[in-house]
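Novice: here are the coordinates; sequence isn't available:
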């Protein structure tokens, strides 16, 4: 399997080189040159597998340059830290199946990919005798998951930008209370979009990227998306065995387009997904794109679901590549237009293709709280606000003829204020968060300025 950039000027990379490059050197995002197509018989055989073995079977199809025994060991170690034996269990409440993706070290879906990516980075750096400085931006969950994935690992420093006072208190504490010497938390005076822009600008300076051995941990790194493809297959298998339905719908709360893009890849591989439901909060650029063909950047709105408080979705370029029939020149033109004007327009033919891939809805704050409240009243189950956005979208956009799986992207304890506002009491606190408020903290507040961040990196890099 070889990898190519969405912008067409980087081609024929191995999996290892694609992981280490992160953002393609031409500014694009890396994708496999082809997507493996599975028969229904092959997919049916996968449903019998435990999660780590399923992950090994699927990820192996995209990896041609890591020995099987080594890859299997990386995967097994990545999921040994999860607290549930099923890794990503599926529960059924009030007519919806909930895929619980929050049983990893930081109680968020990002752990599923970032535990794997952290081990993968360590393996590749040891093999090559190299060091790496990881740079990433977070809207809340990526940062802590990435930090926990590489804390204390040899030959790696990690620098995470988060928007100052615009993540939940628990999200902030999960990052800033990790005081390992290889971890650097930077609270930028700005938004997540500012952080994401800074990261892309720094990676675009190829001389700086090379000099300081920068690595990408955001979902611009293909390995992140690849690891997330696995749980779509896992959830499908569990629901199919329970319901005997071949097709399912997935409702995905998303802001950066990475989680739902993993579902898009699973569908391209042959997984019988009837419908991918894209659910956003008031930061609804992706919903406007799907429903009206309107991809225009607005101002970020602070919501109860801060991990989705994003306007410019970094993984959107990967979808454009397929929307444009893998024409990299068209992708380059579109990204130039977006940079120059802050918007993209689409033909009727393109909008029809989008409608075949997704349906979408925006869920506002009051709807989010009422969904948490009503779901809890009926079932006793507590949704976090991001998952509530997905459940509300599922209610609005499915007709009940096939099962629907809602991705539960975070434990409700990470957003206790919103939960308490909805149901009158805070969620149960997991053991991993006990006493987190009193732990030692380390963080630097810094301007959202590319030159300032580059100077900090230069003075603190390995």
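Specialist: Happy to help now that I have it. Please read these numbers as outputs of a predicted model, since none were measured by experiment. Numbering: from 1, shown residues only.
Novice: looking at this protein, which helix is longest?
Specialist: Longest helix of the chain, by residue count under DSSP state H: helix 222-243.
Novice: after it, next one along is what?
Specialist: strand 248-253 (DSSP states H and E).
Novice: partners of that following strand in the sheet?
Specialist: strand 273-280 (parallel), strand 404-408 (parallel) (DSSP bridges).
Novice: single out the most deeply packed of those.
Specialist: Comparing the strands paired with strand 248-253 by mean neighbour count (mean count of other Cβ atoms under 10 Å), strand 404-408 ranks first with a mean of 27. C-betas here are computed from N, CA, C, even on glycine.
Novice: so what touches that one?
Specialist: 90, 96-102, 109, 235-236, 239, 248-253, 259, 277, 383-384, 387, 390-391, 394, 398 (Cβ atoms under 8 Å, 6 or more residues apart in numbering).
Novice: what is the following helix or strand past that strand packed up against?
Specialist: Using DSSP H and E, the next helix or strand after strand 404-408 towards the C-terminus is helix 416-423. Applying 3 or more Cβ pairs under 8 Å, 6 or more residues apart in numbering; DSSP states H and E, one finds that helix 416-423 makes contact with helix 365-379.
Novice: from the middle of its chain, how far away would the helix it packs on be?
Specialist: 24 Å (Cα atoms, centre = their mean, to the nearest Å).
Novice: low-confidence stretches in the stretch 351-462 of the chain?
Specialist: Applying pLDDT under 70 to the stretch 351-462 of the chain picks out no residues at all.
Novice: please enumerate the strands of the stretch 101-250 of the chain.
Specialist: Assigned by DSSP state E, counting those that start in this stretch, the stretch 101-250 of the chain shows strands spanning 132-137, 156-163, 183-189, 214-216, 248-253.
Novice: make CSV from those and add mean pLDDT, mean neighbour count and distance to residue 331 to it.
Specialist: Below are the strands of the stretch 101-250 of the chain laid out as CSV (pLDDT from 0 to 100; neighbours: other Cβ atoms under 10 Å; distance: least, Cβ to Cβ, whole Å):
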stretch, mean pLDDT, mean neighbour count, distance to residue 331
strand 132-137, 94, 26, 22
strand 156-163, 95, 24, 26
strand 183-189, 96, 22, 28
strand 214-216, 90, 26, 19
strand 248-253, 98, 28, 23
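Novice: for residue 33, find the nearest of the ones you listed.
Specialist: Among these, the nearest to residue 33 by Cβ to Cβ is strand 214-216 (19.9 Å).
Novice: partners of that closest one in the sheet?
Specialist: Strand 214-216 is paired, per DSSP bridges, with strand 132-137 (parallel).
Novice: for the one helix or strand residue 44 maps to, packing partners?
Specialist: Residue 44 belongs to helix 40-46 when assigned by DSSP H and E. Using 3+ Cβ pairs under 8 Å, 6+ apart, the elements in contact with helix 40-46 are helix 51-60, helix 222-243.
Novice: ok, and what's touching that helix?
Specialist: Residues from elsewhere that reach helix 40-46 (Cβ under 8 Å, 6+ apart): 38, 54, 57, 58, 233, 236, 237, 270, 271, 272.
Novice: so how do I select the buried members of those in PyMOL?
Specialist: Here is the PyMOL command that selects the buried residues among those (16 or more other Cβ atoms under 10 Å):
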select buried, resi 38+54+57+58+233+236+237+270+271
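Novice: most widely separated two among the contacts of helix 40-46?
Specialist: 57 and 272 (17.7 Å).
Novice: out of the strands of the stretch 101-250 of the chain, which comes closest to residue 74?
Specialist: Nearest of these (Cβ to Cβ): strand 156-163, 15.1 Å.
Novice: pairing partners for the closest one, with directions?
Specialist: strand 132-137 (parallel), strand 183-189 (parallel).
Novice: distance from that strand to the middle of the chain?
Specialist: That offset, for strand 156-163, works out to 16 Å (Cα atoms, centre = their mean).
Novice: again, but for stretch 203-214
Specialist: Relative to its chain's centre, stretch 203-214 lies at 24 Å (Cα atoms, centre = their mean).
Novice: what score does residue 196 have for pLDDT?
Specialist: Model confidence at residue 196, expressed as pLDDT, equals 89.
Novice: ok, now which ones touch it?
Specialist: Counting by Cβ under 8 Å, 6+ apart, the residues that residue 196 touches are 137, 218, 310, 312, 314.
Novice: one more: residue 316?
Specialist: 257, 286, 289, 295.
Novice: could you redo the residues you listed as JSON lines and give each row distance to residue 456 and secondary structure?
Specialist: Shown next, in JSON lines, are the contacts of residue 316 (distance: Cβ to Cβ, whole Å; DSSP: H, G, I helix; E, B strand; the rest coil):
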{"residue": "257", "distance to residue 456": "28", "secondary structure": "coil"}
{"residue": "286", "distance to residue 456": "32", "secondary structure": "helix"}
{"residue": "289", "distance to residue 456": "35", "secondary structure": "helix"}
{"residue": "295", "distance to residue 456": "33", "secondary structure": "strand"}
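Novice: of all the contacts of residue 196, which two lie farthest apart?
Specialist: The span of the contacts of residue 196, defined through Cβ to Cβ, is set by 218 and 312 at 12.4 Å.
Novice: about what we covered before: turn the strands of the stretch 101-250 of the chain into JSON lines, columns for distance to residue 177.
Specialist: As requested, the strands of the stretch 101-250 of the chain are exported to JSON lines (distance: least, Cβ to Cβ, whole Å):
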{"stretch": "strand 132-137", "distance to residue 177": "18"}
{"stretch": "strand 156-163", "distance to residue 177": "13"}
{"stretch": "strand 183-189", "distance to residue 177": "9"}
{"stretch": "strand 214-216", "distance to residue 177": "23"}
{"stretch": "strand 248-253", "distance to residue 177": "26"}
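Novice: out of those, flag the one nearest residue 77.
Specialist: strand 156-163 (15.8 Å).
Novice: now do stretch 162-174: distance to the chain's middle.
Specialist: Distance, centroid of stretch 162-174 to centroid of chain: 17 Å (Cα atoms, centre = their mean).
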